[in-house]
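S.K.: Dropping a prediction and its sequence here:
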Amino acid sequence: MFSLELFLNALVIGILLGGFYAALSIGLSISFGLLDIVNIAHPAFIILGAFVCFMFNSAFGFDPILVGVAFTPIFFILGNLIYRIYYTSFEKTGATALRGLAFFFGVMFILEVALSMFFGVDYQMVRAPYIDYKLEFGVVDIPFRMFVPFLVALIMTLGLQYFSSKTFFGRAMQAVAQDSFALRLMAIDPAKIKRIAFGISLATCSVAGALFAIIMPIEPSIGRLYIGQVFAIVVLGGLGSQNGTLIAAMLLGLVESIITTFFGPSWAPAVAFSALILVLAFKPTGILGRAGDTRG
Amino acid sequence: MLEIKNLTKRFGGFTALSNINLDVRSGERLGLIGPNGSGKTTLINCICGVIQDYEGEVYFDGESLNSLAPHKRARKGISRSFQIPKPFNSMTIRQNLIIPLEYAVQEGIRSHIDMESEVDQIIENMQLSELADQLPTNLTQIDMRKLELARAMVAKPKLLISDEAMAGLSSSEIDDILKILIALNENTNVTIIMIEHIMRAVMSFSERVVCFDAGEVIANTTPEEVVKVPAVERAYLGE
Amino acid sequence: MNSTRFYFVVLVLVGVSYLTTVFIDNQYPFFAGFAILQLIIMALAWNILGGYGGYVNFGSAAFFGLGAYGAIVAYQLFGASLPIQILVGGLFSALVGLGTGYLTLRLRGVYFAIATLALLVVAETLIHNWDYVGGAAGAYLLPKRNLDFWGVLIVGKVGGLFGNNKELLFFLMCILALLTIVICRAIEKSKLGRGLAALRDNEEAAESMGVPTLKLKLIATTLSAAIMGVTGGIFPYYMTFIEPTSAFSLDISVNALAMPLIGGTFTWLGPVLGAVILGTLQQIATVTISSEINLLIVGLFLVSFVIFAPEGFLGLIKKYSKRRD
């Protein structure tokens, strides 16, 4: 039963959702897209950020987004630490891909268990004055619950894009993926660049977590449902291309919104994962990606 | 036995190989030279099937290899060694050498005992006997290269492609490898394509030399003649 | 240990496991035993693709759960008996494994790993929304009190081969575990095993030496999934009730992956060792502290071993004994 009103609302929600997905994925486009680190714990770190927000929001009433932003330095340091461990244990020694994967799987699991031990398994929500507002444009509703995260996500994504293309460090970051040798010739230590890049990738999880907590109720293992989403977006957008990630996120947000509006919300995870499989099967280089990245 | 017709390979906007036509006779010793990035390894990857989406045709013994997976091409008798050696690190040298015998050889099923004796044979020929039951993790450069070559040779291929097997070796080690390759060609008539930067090795080994530059063949003649081709000199030294 | 001795020991163990059901009355050892055996079998199955082939599967729980629900469907559709339930469960998971593998094994191992995780999420969602098998509320399965087979009373308080269903299932799990060990050992010593090791160590080199890597990967995936599906297929009969959250629980996936990595991935003894050690630790932790702590333990062990002892317990033992020489 198709109605124009339903469709328009689905479209709007899709765009807002796309912005949110961009925020979730932009960190992974750095860690997986540029550094080739398969951080499947990325969504788990986002949920960690979400729970940090919840903790400060429910205890002190701080605005969730402020908490998210305030914690970016801490997540950045955490990212540095994890990269050091990853680098010494796996990258430097040329260990098999199995170990790196198992490492992040273990980290993801530890995060989930620790969160559920600390906060319990029930759904939690954050509170903020603007969450319940709604803008109404004729038949179309724009819920602030999604609009505010959309704005923040856009700022963060565009900010990172600017950083990657216009600043020296950002460009070094893009370069380290393609030619670390050249970097070394310029007396830049690729390992240090990668470490900072990974730190940035994790720092985005702090903000993304805040946005997550605003958009929906959170529980410790909910990150799992989004692993497919974020990897699909990064691959679809083309590994290493932040512009591509943004476009892919929008696309996925739109498709998912339309499917869930007309077929029900429980199909959402299936949409993203199916998208991933299809992309990998037919166009592994993604929309704006480099050639020759996905084959063994 | 190997016929390459109009082979072109593009990576996005970059053309790695442009309309390559090359024939290699059975039993021939062919040298392949050219500056880095000129397309030599890409050519090898197309012949071996690592790259399959090329334009043009590759014929081996009259059969088209197009769209055949690498392992199927290996079974037809094409074998290669890798520029950066890729040993199987969890297996002993001996076990490393059994793999191609078990998987690449076509005719009939051999007993394990037969395979073991063939492996022993080649270990002796390559003077790796002392290391035969060790893992490859602590081998010296030259022993690593010898293992790489031995693995490529053990299944008695019809065509052996040696990709920069001598890079970084000392002069006497280079002579060792040369001796092994020449003996192989003379005793079993296996066709050998040698990619090398070490000119004296290429010149003394090859019956014919092909020079690549920027994805094209710029010379295809005897070793004595190829050094006189101006394009070759330009390719290596720049304009 | 040579083959004759090995098979002799296996047969002896078959006999011993039957005799335990005859002579032990206390039911607790069978419950604990079933749980540990399940861990052992899942770890062994995971290792066929993960340890021998080097391809990580995060979705073991999917194959387990699909096997369990395959059994339920068989039971509800045509009142299938236990052997048919197990067969259907194994077959169904094998097909799903084959399909997933076919779609993703040509790509980097990373994408196969993510796809298996995706499979887990999608499978759980599908079952969660499928009312025929009870959806979120779950499904019941009532085993027969006195089970007979071609005139022989298998389960029965008086005169049956087994006193009750739990003992029968314990024995079945023992058989399955021993069978899986036999299969794993056979693979290790076979051309298939050598091919898998080659592709694990260096896939490109293996291909260039004639190893049909895609075919071997598909065989390993399908076999692994089938065994997991069979293990899942037994589960409903044992629990008499299943529901999606526990059938597809991530814990199953984590255990299946952690135990071989902790015990050692090169040979069947590793997963068995890892399962026994970690499984026992988990039981102790659950009983003495809390059930969540035991999950934390698995996670911490996994991460520590992956970083510090990549070849697991067996690797540590090998290193230690070499140092002493």
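M.R.: Right, received. Where do you want to start? Numbers count the residues shown, from 1 in each chain, chains lettered A, B, ... in the order given.

S.K.: Report pLDDT for A:Lys283.
M.R.: Per-residue pLDDT puts A:Lys283 at 63.

S.K.: swap that for C:Met1, please
M.R.: pLDDT, read off for C:Met1, is 67.

S.K.: same deal with C:Gly156?
M.R.: If you check C:Gly156, the pLDDT there is 69.

S.K.: Not counting sequence-adjacent ones, nearest residue to C:Ile219?
M.R.: C:Leu192 (6.8 Å; Cβ to Cβ, 6 or more residues apart in numbering or on different chains). No exception for glycine: its C-beta is placed from N, CA and C like everyone else's.

S.K.: Give the burial count for that neighbour, as a bare number.
M.R.: 19 (other Cβ atoms under 10 Å in any protein chain shown).

S.K.: residue ranges for the helices of the chain, please.
M.R.: No chain was given, so I picked chain A. Assigned by DSSP state H, the helices in chain A fall at A:4-28, A:42-60, A:64-70, A:72-86, A:97-119, A:144-166, A:168-178, A:180-185, A:190-215, A:227-237, A:242-263, A:268-282.

S.K.: try again with chain C
M.R.: C:3-23, C:28-50, C:60-78, C:82-104, C:109-128, C:165-188, C:191-201, C:203-208, C:213-239, C:244-247, C:250-263, C:269-288, C:291-308, C:312-324.

S.K.: wait, what's in contact with the one residue in chain B that gets nearest to chain C?
M.R.: In chain B, the residue found nearest to chain C is B:Ala104; the distance is 3.2 Å by Cβ to the nearest Cβ. By Cβ atoms under 8 Å, 6 or more residues apart in numbering or on different chains, B:Ala104 lies in contact with B:74-75, B:79, B:155, B:157, C:209-210.

S.K.: what's the one residue sitting closest to the centre of chain C in contact with, if anything?
M.R.: Centroid-nearest residue in chain C, with Cα atoms, centre = their mean: C:Met42, separated by 1.7 Å. C:Met42 is in contact with C:60, C:64, C:228, C:231, C:252, C:255-256, C:259, C:275, counting by Cβ under 8 Å, 6+ apart.

S.K.: thinking again about what came up before, got CSV for the helices of chain C, with distance to A:Ala102 too?
M.R.: CSV is the format used below for the helices of chain C (distance: least, Cβ to Cβ, whole Å):
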stretch, distance to A:Ala102
helix C:3-23, 30
helix C:28-50, 9
helix C:60-78, 13
helix C:82-104, 18
helix C:109-128, 9
helix C:165-188, 20
helix C:191-201, 14
helix C:203-208, 18
helix C:213-239, 16
helix C:244-247, 23
helix C:250-263, 6
helix C:269-288, 13
helix C:291-308, 5
helix C:312-324, 11
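
S.K.: coming back round to it: do I have it right that the residue nearest to C:Ile219 meets C:Lys217?
M.R.: No - the pair C:Leu192 and C:Lys217 fails to qualify as a contact (Cβ atoms under 8 Å) at a distance of 11.1 Å.

S.K.: Out of the helices of chain C, the one nearest B:Ile98 is which?
M.R.: Nearest to B:Ile98, of all these, is helix C:191-201, at 6.9 Å by Cβ to Cβ.

S.K.: Low-confidence bits of chain B, can you list those?
M.R.: B:106-110, B:237-239 (pLDDT under 70).

S.K.: I should have written the stretch 1-150 of chain C there, sorry.
M.R.: Checking the stretch 1-150 of chain C against pLDDT under 70 turns up C:1, C:145-146, C:148-150.

S.K.: contacting residues for B:Leu97?
M.R.: B:119, B:122-123, B:150-151, B:154.

S.K.: phi, psi of it?
M.R.: For B:Leu97, the backbone dihedrals are phi -80, psi -20 (criterion: degrees, to the nearest 10).

S.K.: Chain neighbours aside, what residue packs nearest to the residue in the stretch 51-200 of chain C that chain A sits nearest to?
M.R.: Taking Cβ to the nearest Cβ, chain A has its nearest neighbour within the stretch 51-200 of chain C at C:Ala118, 3.6 Å off. With Cβ to Cβ, 6+ apart as the criterion, C:Ala118 has its nearest non-adjacent residue at 3.6 Å, and that residue is A:Phe273.

S.K.: With A:Gly68 instead?
M.R.: Closest to A:Gly68 by Cβ to Cβ, 6+ apart is A:Ala210, at 2.8 Å.

S.K.: List the contacts of residue 24.
M.R.: By default, I'm working from chain A. A:Leu24 neighbours (Cβ under 8 Å, 6+ apart): A:43, A:46, A:208, A:212, A:226, A:229-230, A:233, A:249.

S.K.: That was the other one, I meant chain C.
M.R.: Applying Cβ under 8 Å, 6+ apart, the residues near C:Ile24 are C:Phe30.

S.K.: With the one 10 residues further on instead?
M.R.: With contact set as Cβ under 8 Å, 6+ apart, C:Phe34 has these partners: C:166, C:169-170, C:173, C:238.

S.K.: 6 Å instead, please
M.R.: If you count contacts by Cβ atoms under 6 Å, 6 or more residues apart in numbering or on different chains, C:Phe34 has them with C:170, C:173.

S.K.: now it: how far from C:Glu167?
M.R.: Distance, C:Phe34 to C:Glu167, using Cβ to Cβ, to the nearest Å: 10 Å.

S.K.: Not counting sequence-adjacent ones, nearest residue to the residue in chain C positioned nearest to chain B?
M.R.: Residue of chain C nearest chain B, by Cβ to the nearest Cβ: C:Gly210 (3.2 Å). The shortest distance from C:Gly210 to any residue other than its chain neighbours is 3.2 Å, reached at B:Ala104 (Cβ to Cβ, 6+ apart).

S.K.: With C:Phe92 instead?
M.R.: Nearest to C:Phe92 is C:Gly70, by Cβ to Cβ, 6+ apart, at 3.8 Å.

S.K.: Surely the one you found touches C:Leu87?
M.R.: No - C:Gly70 is beyond contact range of C:Leu87, at 9.1 Å (criterion: Cβ atoms under 6 Å).
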